[in-house]
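A.B. asks: pasting the structure only:
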């Protein structure tokens, strides 16, 4: 990969010198994906100089690779005719994404300025929910008819691929009413005798998705079958577009981010427009973060009332209070390890409900072994520190028990949630951590009070 | 997607009835990816009946989609001649993965049984580190020579694609010494006049990876440029194979799993063979989990010694101890939210070091606002519960301060680690949680002792 910092220094120097010929030559020597990375780091006024100094094909490619915010920002800042030309060079689905991220009046203005056919095709894409196949697909598909011969199909592909800037993955076969009836790999087309009929060589069991299918389903289909592209059909089985692997990749990344954020107690589906926690308003970020914090608050107040019942213990032996963070911290930590292993294992498909028992046993054994080791360590240290063997034994035993139980709760809860058809990633983290806190403290305080104070 | 449970019931019935013709018809009506899902749920003896009852092409496709453990299990259980035939039908890279997962003597036995050419090609793949491009690539590449015409190239492709079961993405152009000199999309080949020379139409700026490049680098290159396939070259720039998007997808999933596990304090790169935490030995799982737990143990012992200095506070006002879990729980929770947002934002590229300040400010504001709300709530509840306004104010204020500081620590630490070129996902979670615990308790105990006890 590139050393971006050096390149940016060089570009800044060329901009300051006003040497546009050299600047253009420098910029055009990079791949558009690299330029997008470089633009990300430049100041807005520097970006403008750069984008207007490279050829329009490249500028449009760069825009395709930029983040949504930067796309909107740059297209808003440059001359509106240039902006329209750049948008019209984007693939349809990317153009629709860019326009969908603008203010409504800006989108309208663009749609009026764009070439008629392109504009109406993009407008149709904008009518679909952006989280469904319709909102993600590219409507430009390579189609051939079922009554063609291989020779005619190859000729059709040659003409279509030359006219429209279209990616070639598979050729989709439609009947005269545009119904999807088959699919052909380019490999089959190239290696089949040219006089054969398409109907006779096409694959008729087609894996496809529907325009209204949600993106998580699309990602699942992609990951399972590992196709390069999937056809998208409407209610009447008419071919409307294709979704390609890079779209699926974006979906997977988005879903993974949601899973990770949810497991740390952040709500990701608030359903408002302002839906990015890192770039939206602070009010939005607060709405995403407060719900599970509030549930933690309630849970920890239970811990407070339980702990408060042992006030005589603290008065009698205040060191008992000092060990509480140790118990809670290690229980929380080992419990989180178990939750994470289970949730991730279920989301990659390695752990299924039917193999769940096996993992519960396995994790409990692991928790028991680690608990024993740490309990022993804590016993030794406490004994040495306080010169009190009884205290050492009780704290150590409570630690062992606490870690074992934390492991079991962390392992079982995601499985139970899954069984109840609740997404474990959404509900697990904060609730389980609080539960472990409450149970751990209750066990510890009961044990110490029983053995050290009452006896 | 399919309703697997019903299908499995039907298949079980056919197996019991011994109706092999019907069983075969039923099984062969599914896509190989679906069959792999079905096999996953069957018992070992049922799987054997199924795999030997379908045609060998399909059986080999199914094996390609199975998990590594099942691949090894099934190939070990069936007749060894059949096993060799199935392996020889796999793509080279998958065959190498399967053989690489077996015991050494099993691998040897297979290599002897496989067709000579296939065996030696797979054997070469096995010499590469399995985490590098060499270990992932497929050595069957579609190549044409730079001195061909388009017509000759198309003819070559037709013959090669027919002879070898090869995926078509791009045609790679090599010189007579096999050096990679250019790349051509199939679209260009199909739409270019057939008398032109390959040399004149090929793209010469090639994005490629080296056989010894590690998989995280390969995934980065894929995600950045969004190609369907990348060529792999050796030290002398000779073309050795291709890596395709589905390989990249597997790498991304593996890296994401590592990132998620690491952030919960699980060590993923222990470097031993037995390297899956869910399926390896319990000893391995313990080695993966103990290191960060041990660091937490040390950190929490610091918390214990700090807390222990306030023993007079606990004796005087034991309810002080009861609030400790509340402070630690909520501080930990909001801190984890911040860590997760930052680590994930950096790993998707949304947060860069240069935009770091912006996020520190943003998160601090968010922490301050949420801290104020929760501090106020805690004040009210504590005041009402204990009928002590002073206690309510102090606990509420400590809560506000604690949540704000936890947010700041959770936001800054990943950025500082990144700046120091340490992977924030590896080091963040447990250490930050413990730090927040220690600082939060120190602040709270100092405040309550100062205001409630000393005054």
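C.D. replies: Great, that's in hand. All values derive from a computational prediction rather than experimental measurement.
A.B. asks: tell me which element residue A:50 is part of?
C.D. replies: Element membership for residue A:50 (DSSP states H and E) is helix A:44-51.
A.B. asks: The helix or strand residue A:15 falls within vs chain B: in contact?
C.D. replies: Element membership for residue A:15, per DSSP H and E: helix A:4-17. No - shown here: helix A:4-17 not in contact with chain B (C-beta under 8 Å from any C-beta of the partner chain), separated by at least 9.9 Å. In this view, the C-beta of every residue, glycine as well, is placed from N, C-alpha and C.
A.B. asks: Tell me the helices and strands packed up against the helix or strand residue A:287 falls within.
C.D. replies: Assigned by DSSP H and E, residue A:287 belongs to helix A:282-308. Applying 3 or more C-beta pairs under 8 Å, 6 or more residues apart in numbering or on different chains; DSSP states H and E, we find helix A:282-308 packed against helix A:429-448, helix B:319-322, helix B:324-347, helix B:356-386.
A.B. asks: can you pull the buried residues of that helix?
C.D. replies: Residues A:284-290, A:292-297, A:299-304, A:306-308 are the ones in helix A:282-308 that count as buried (16 or more other C-beta atoms under 10 Å in any protein chain shown).
A.B. asks: With stretch A:224-232 instead?
C.D. replies: Buried residues in stretch A:224-232, counted by 16+ other C-beta under 10 Å: A:224, A:226-232.
A.B. asks: Can you give me the end-to-end span of that stretch?
C.D. replies: Terminal residues of stretch A:224-232 lie 17 Å apart, using C-alpha to C-alpha, to the nearest Å.
A.B. asks: gap between it and the chain center?
C.D. replies: Centre-to-centre, stretch A:224-232 and its host chain are 19 Å apart (C-alpha atoms, centre = their mean, to the nearest Å).
A.B. asks: re earlier: just checking, next helix/strand downstream of the helix holding residue A:50?
C.D. replies: With DSSP H and E, the next secondary element past helix A:44-51 is helix A:56-65.
A.B. asks: For the helix or strand following that next one, which helices and strands make contact with it?
C.D. replies: Counting by DSSP H and E, the next helix or strand C-terminal to helix A:56-65 is helix A:68-77. Judged by 3+ C-beta pairs under 8 Å, 6+ apart, the packing partners of helix A:68-77 are helix A:32-41, helix A:44-51, helix A:56-65, helix A:80-88, helix A:92-100.
A.B. asks: Ok, which of those comes nearest residue B:257?
C.D. replies: helix A:32-41 (25.6 Å; C-beta to C-beta).
A.B. asks: That closest one versus helix A:4-17: what angle between them?
C.D. replies: With axes from the mean of the first three to the mean of the last three C-alpha atoms, to 10 degrees as the basis, helix A:32-41 and helix A:4-17 are set at 70 degrees to each other.
A.B. asks: Wondering if helix A:32-41 reaches chain B at all.
C.D. replies: Yes - using C-beta under 8 Å from any C-beta, a contact is recorded between helix A:32-41 and chain B, made by A:33-34, A:37, A:40-41.
A.B. asks: okay if I get these as a markdown table plus pLDDT and neighbour count?
C.D. replies: As requested, these are arranged in a markdown table below (pLDDT from 0 to 100; neighbours: other C-beta atoms under 10 Å in any protein chain shown):
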| residue | pLDDT | neighbour count |
| --- | --- | --- |
| A:33 | 89 | 19 |
| A:34 | 90 | 20 |
| A:37 | 87 | 21 |
| A:40 | 84 | 17 |
| A:41 | 84 | 17 |
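A.B. asks: Identify the farthest-apart pair in those residues.
C.D. replies: Among these, A:33 and A:41 lie farthest apart (C-beta to C-beta), at 14.0 Å.
A.B. asks: now, which of the buried residues of stretch A:224-232 lie within strands?
C.D. replies: Residues of those located in strands (DSSP state E): A:229-232.
A.B. asks: Can you tell me which of these is nearest chain B?
C.D. replies: Nearest to chain B out of those is residue A:229 (C-beta to the nearest C-beta; 9.8 Å).
A.B. asks: got a list of what the closest one touches?
C.D. replies: Residue A:229 makes contacts with A:167, A:169-170, A:242-245, as judged by C-beta atoms under 8 Å, 6 or more residues apart in numbering or on different chains.
A.B. asks: again, only using 6 Å
C.D. replies: Residue A:229 is in contact with A:169, A:242, A:244, counting by C-beta atoms under 6 Å, 6 or more residues apart in numbering or on different chains.
A.B. asks: One more: residue A:146?
C.D. replies: A:173, A:175, A:181, A:198-199.
A.B. asks: Of those residues - the most surrounded one?
C.D. replies: With neighbours defined as other C-beta atoms under 10 Å in any protein chain shown, the most crowded of the contacts of residue A:146 is residue A:173; it has 26 neighbours.
A.B. asks: Let's see the pLDDT reported for it.
C.D. replies: In this prediction, residue A:173 carries a pLDDT score of 95.
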